[in-house]
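Enquirer: Turn this into a model:
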Amino acid sequence: MADQWQTLVLELFLLLAWVGWWLCAVNWVKAWDWLAQGAWMGVVLLVVLGAIVWSQIAPSELSLGIGHIANFWWQLGATTLLACLALFCGWLQGVLGWLPDEVPIYPEGATADDTHGHEHPVGALHSHDQFHEDEPQTEHH
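Expert: Reported below is the predicted structural model:
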């Protein structure tokens, strides 16, 4: 009996974490744009892949009392419901007009440019360090 309660509490905690992530940590203005540009195909692939993996890790049928849902099909339904819940969180975020704060990825003043302020020859087959021989080296302790 204690195992059932522990499992239920863990499942509810994970569901709340799922909703919290999609509601509070995702900028859905950008996410809707990405989905509209074709990222929805990747999402569908991940949903199906998640169902396949889940059905192989924990194969089982789901009994509903009036019938059974075969292995894989109920996992596909569950992963689809999780994806739909994430989309609902995006819709809700838009209705409420709320956006999460932007988290800067690069330090202030830095850019997404990965050339370190200089270009390397295209197609160079030499090690990266060769292009930094003229720079002062710091010793790591």
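Enquirer: how distant is the helix or strand bottoming out on mean pLDDT in the chain from the center of its chain?
Expert: Lowest on mean pLDDT, DSSP states H and E among the helices and strands of the chain sits strand 62-63, with a mean of 86. Between the centre of strand 62-63 and the centre of its chain there are 29 Å (Cα atoms, centre = their mean, to the nearest Å).
Enquirer: Strands of this protein, start to end?
Expert: 62-63, 68-69 (DSSP state E).
Enquirer: Give me whichever of those strands is most buried.
Expert: Neighbour counts averaged per stretch over these are highest for strand 68-69, at a mean of 14; criterion: mean count of other Cβ atoms under 10 Å. For every residue, glycine as well, the C-beta is placed using N, CA and C.
Enquirer: now Trp91, nearest residue through space, not along the chain?
Expert: Setting aside the residues directly before and after it, Trp91 is nearest to Trp28 in space (Cβ to Cβ, 6 or more residues apart in numbering), at 8.0 Å.
Enquirer: ok, that neighbour touching Leu96?
Expert: No: look at Trp28 against Leu96 with Cβ atoms under 8 Å: they stay out of range, at 10.6 Å.
Enquirer: More neighbours: which of these two?
Expert: Trp28 (21 against 9; other Cβ atoms under 10 Å).
Enquirer: Tell me where the model's unsure across the protein.
Expert: By pLDDT under 70, the weakly predicted segments of the chain are 1-2, 110-141.
Enquirer: where along it do the helices fall?
Expert: Assigned by DSSP state H, the helices in the chain fall at 2-24, 28-34, 40-57, 73-96.
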